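Student: need a 3D model of the following:
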Amino acid sequence: MNSFKIRTSGILKSHWSTMLLSRCTRQIECYDNLDPTTDSRGT
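Tutor: All right, here's what the predicted structure looks like:
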């Protein structure tokens, strides 16, 4: 029971971190596309 709880909590943590990361990168991409004056890629 304890090991199962720990395993599920770890999976949830990793899932949340990946979700937050993808959301952040998506927001950055959206901002880059919305604002053509700021070019972070250097093109």
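Student: which parts of this structure are strands?
Tutor: With DSSP state E, there are no strands along the chain.
Student: tell me where it is predicted with low confidence.
Tutor: Residue ranges of the chain with pLDDT under 70: 1, 24, 32-43.
Student: apply 80 and report the result again.
Tutor: 1-2, 24-43 (pLDDT under 80).
Student: the helices in it, which residues?
Tutor: Remark: helices assigned in the chain by DSSP state H are 2-34.
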